[in-house]
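> got a sequence here, can you model it:
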Amino acid sequence: MKPLSSFPRVSLGVFPTPIQKLENVSKKLGTNVYIKRDDLTGLGLGGNKVRKLELLLADARQQEPRSSSPPAAHSPTTPC
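Numbering: from 1, shown residues only. Prediction:
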């Protein structure tokens with residue numbers, strides 16, 4: 001199996017996102033508690049969705065075009 005880093009990507013987010021210690025929760029529970037801050041990717045989608053979209057867009061760019069018409073020509077909002 002190929003490592004994920006070997007696949008092409010289209011950069012959309014700010015990665016890697018930081019891991020932050022939750023001081024108050026850690027004190028209350030008596031153990032260190034950390035959270036991965038995927039809300040800081042730069043987009044409102046969250047980390048895993050952005051990472052997947054980066055891979056999907058890179059794959060789409062490598063595909064052969066299936067149509068010679070622009071995407072707006074098939075939009076349901078485009079008048080006929």
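
> please count neighbours and contacts with C-alpha atoms only from this point.
Noted.

> next, the buried residues of the lowest-mean-pLDDT helix or strand in the chain.
In the chain, no helix or strand scores lower on mean pLDDT, DSSP states H and E than helix 47-62, which sits at a mean of 84. Within helix 47-62, the residues scored as buried using 16 or more other C-alpha atoms under 10 Å are 47, 50-51, 53-55.

> next: stretch 4-17.
9, 13.

> and for stretch 13-32?
G13.

> ends of that stretch, how far apart?
28 Å (C-alpha to C-alpha, to the nearest Å).

> and if you look at stretch 30-37?
22 Å.

> just how off-centre is it within its chain?
How far stretch 30-37 lies from its chain's middle: 23 Å, per C-alpha atoms, centre = their mean, to the nearest Å.

> what's in contact with it?
Stretch 30-37 has contacts (C-alpha atoms under 8 Å, 6 or more residues apart in numbering) with 17-23, 25-26.

> repeat for stretch 11-20
With contacts defined as C-alpha under 8 Å, 6+ apart, stretch 11-20 is touched by 34-38, 40-43, 50-51, 54.
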